[in-house]
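**Student:** Here is the input, now give the coordinates:
(chains A, B, C and D)
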2 protein chains.
Amino acid sequence: MPRPKSLTPEDLAAAALAVIDREGLPGLSMRAVAQELGMGTMSLYRYVSERTELEALVLDLVLSTVDIRPPESSWQNQIVALVERVRDAVARHPNVIPLTMAHRHRSPALLRWSESVLEVLSANGFTGARRVVALRCLIGYLIGAMQLEHLGPLSGTGTAVMAGRTEFPLLAETATAARSLGDEFHHGLAVVVRGLEGS
Amino acid sequence: MPRPKSLTPEDLAAAALAVIDREGLPGLSMRAVAQELGMGTMSLYRYVSERTELEALVLDLVLSTVDIRPPESSWQNQIVALVERVRDAVARHPNVIPLTMAHRHRSPALLRWSESVLEVLSANGFTGARRVVALRCLIGYLIGAMQLEHLGPLSGTGTAVMAGRTEFPLLAETATAARSLGDEFHHGLAVVVRGLEGS
DNA sequence: CCCTGTAGGCGTGCGCTGTACGCCTACGCC
DNA sequence: GGCGTAGGCGTACAGCGCACGCCTACAGGG
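**Tutor:** Below is the predicted model of the structure:
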């Protein structure tokens, strides 16, 4: 048995995450991560076979911190809590948001989370197609809304431009209102959960 | 007045879209588009200042075909129709789906569409924060769900793997059910719209 | 304690990317 | 017919992911 590995996959992911946090997602390159670790670029390929795999590792690291045990409450509140925990975890590293969509299958942490959501749904009368639709709705909203608020949220700089346009009066008005609105994610999630009740 | 331009922005977008349809989004490069048009790479920069701008042009071309006039029906059906028209238009060019999120502000077609959605909402009692949340929900679901079904949908090849895992029994069962489910997008959208009713 | 086989670490190089810069020339107007 | 504008493009550069193959640090067996 020769030379042991000097890095765990977590070490690798942590280094990549540090780069992403510091320089943004476009700053993530194999060379940058290698430098972060003080090793040669090609050494990384002893741990991952492609760059994509490294990205998946980063996502899983971020998501591994979320508590998947639903709180004691109504099932609606349980779902809301589970979804918002993922959002909070990801919000701590906003630059990884685009990775969420791309690598969601390959993250064991997210699979565990999904299983937990399904348990809550199942225990409250959701089965078959209705449960499939419910999970898709939640994941779709979660990831869609996170991306929305990350790169050019309705309440952001991008909308300041829209607010000035007179050709889209309602859009301008909505953009203005959005800037003073607090937690859009939470309110939207409430809408989705209410929709699930009646499905 | 010297030499006139030989291309319209639409020509440029159409060429880029052809490349994307044929070779996928990673196949989109300035060189590839230039070759598609039979011109030199750098000539493209007479029409766009960056690659990003070209991508936005492509998205707008795809979305420019959607009819933004709501049908005569209940406001719920009007919303559903508007959302599904965007989905249908984008589904005709699945490879552009990732561009939807990135460039949604810069597409006049999508701005016009948003304005139309807001008109329907406004005419049916949605104002202020409630209207902001409604629009965000719809766009979030639209873009999130499109991405979900595009790259590794729940009912897809990726889920065949999950269906085999015994560590996530509910996820496996759900994945199996998903493969036989017809229009997941439609059912999910119905959930969101129902949620809006009670908001 | 040395020797050996395994596998970790990495230097080089290739084909690709976006795009800055500057030249050449086709063209509409006077 | 000449001119000036601006379209078209060739070259070049920095950076990317990663294939390949060498060197060597190390754990185990004699």
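
**Student:** alpha carbons only for contacts and neighbour counts from here, please
**Tutor:** Noted.

**Student:** what's the offset of the helix or strand harbouring A:E115 from the middle of its chain?
**Tutor:** Assigned by DSSP states H and E, A:E115 belongs to helix A:108-122. A distance of 15 Å separates the centroid of the chain from that of helix A:108-122, by Cα atoms, centre = their mean, to the nearest Å.

**Student:** Let me see the domain layout of chain A.
**Tutor:** Following automatic domain parsing, chain A resolves into domains at A:9-62, A:67-197.

**Student:** Ranked by average pLDDT, which of the ones you listed falls at the bottom?
**Tutor:** Lowest mean pLDDT within the domains of chain A: domain A:67-197, a mean of 89.

**Student:** picking up where we left off before, what residues does the helix holding A:E115 touch?
**Tutor:** A:60, A:63-64, A:68-70, A:75, A:78-79, A:82, A:104-105, A:127, A:131, A:135, B:168-171 (Cα atoms under 8 Å, 6 or more residues apart in numbering or on different chains).

**Student:** Hey, what's the angle from the helix or strand hosting A:L142 to helix A:108-122? Just curious.
**Tutor:** For A:L142, the host element (DSSP H and E) is helix A:128-150. Using axes from the mean of the first three to the mean of the last three Cα atoms, to 10 degrees, the inter-axis angle of helix A:128-150 relative to helix A:108-122 is 130 degrees.

**Student:** what helices or strands is helix A:128-150 leaning on?
**Tutor:** Packing partners of helix A:128-150 (3 or more Cα pairs under 8 Å, 6 or more residues apart in numbering or on different chains; DSSP states H and E): helix A:75-91, helix A:97-102, helix A:108-122, helix A:184-197, helix B:128-150, helix B:169-179, helix B:184-197.

**Student:** Which positions in chain A make contact with DNA strand C?
**Tutor:** Counting by Cα under 7 Å from any atom of the strand, chain A comes close to DNA strand C at A:1-7, A:38-43, A:45-46.

**Student:** Please identify, among these, the one with the most neighbours.
**Tutor:** For the residues of chain A next to DNA strand C, neighbours were counted using other Cα atoms under 10 Å in any protein chain shown, and A:T41 has the most, 15 neighbours in all.

**Student:** and that residue, what is it in contact with?
**Tutor:** A:30-31, A:33-35.

**Student:** 6 Å instead, please
**Tutor:** By Cα atoms under 6 Å, 6 or more residues apart in numbering or on different chains, the contact list for A:T41 reads A:31, A:34.

**Student:** What backbone torsions are found at A:S74?
**Tutor:** A:S74 adopts backbone torsions of phi -70, psi 160, taken as degrees, to the nearest 10.

**Student:** sorry, that was for A:L7
**Tutor:** phi -130, psi 140.

**Student:** For it, give me the pLDDT.
**Tutor:** 94.

**Student:** if I look at it, how far off is A:P108?
**Tutor:** 20 Å (Cα to Cα, to the nearest Å).

**Student:** go on, A:E115?
**Tutor:** From A:E115 to A:P108 the distance is 11 Å (Cα to Cα).

**Student:** Settle it for me: which of these two has more neighbours?
**Tutor:** Legend: neighbour count by other Cα under 10 Å for A:E115 and A:P108, higher for A:E115 (21 against 17).

**Student:** returning to that earlier point: buried set for the helix holding A:L142?
**Tutor:** For helix A:128-150, a neighbour-count test (16 or more other Cα atoms under 10 Å in any protein chain shown) marks A:129-150 as buried.

**Student:** same deal with stretch A:73-87?
**Tutor:** In stretch A:73-87, counting by 16+ other Cα under 10 Å, buried: A:75-76, A:78-87.

**Student:** That one and chain B in contact?
**Tutor:** No - if you take Cα under 6 Å from any Cα of the partner chain as the test, stretch A:73-87 misses chain B, and the best it gets is 12.9 Å.

**Student:** Residues in contact with that stretch: which ones?
**Tutor:** A:70-71.

**Student:** Go ahead and produce CSV holding the CA coordinates of that stretch.
**Tutor:** Extracted in CSV, the C-alpha atoms of stretch A:73-87 (Å, rounded to 0.1, in the frame of the first residue of the first chain):
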residue,chain,number,x,y,z
SER,A,73,-46.1,21.3,13.6
SER,A,74,-48.7,21.1,10.9
TRP,A,75,-47.5,19.4,7.7
GLN,A,76,-47.8,22.8,5.9
ASN,A,77,-45.3,24.3,8.4
GLN,A,78,-43.1,21.2,8.1
ILE,A,79,-42.8,21.6,4.4
VAL,A,80,-42.2,25.4,4.7
ALA,A,81,-39.5,24.8,7.2
LEU,A,82,-37.7,22.1,5.1
VAL,A,83,-37.8,24.3,2.0
GLU,A,84,-36.6,27.4,3.8
ARG,A,85,-33.7,25.5,5.4
VAL,A,86,-32.4,24.6,2.0
ARG,A,87,-32.8,28.2,0.9
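
**Student:** No further questions, thank you.
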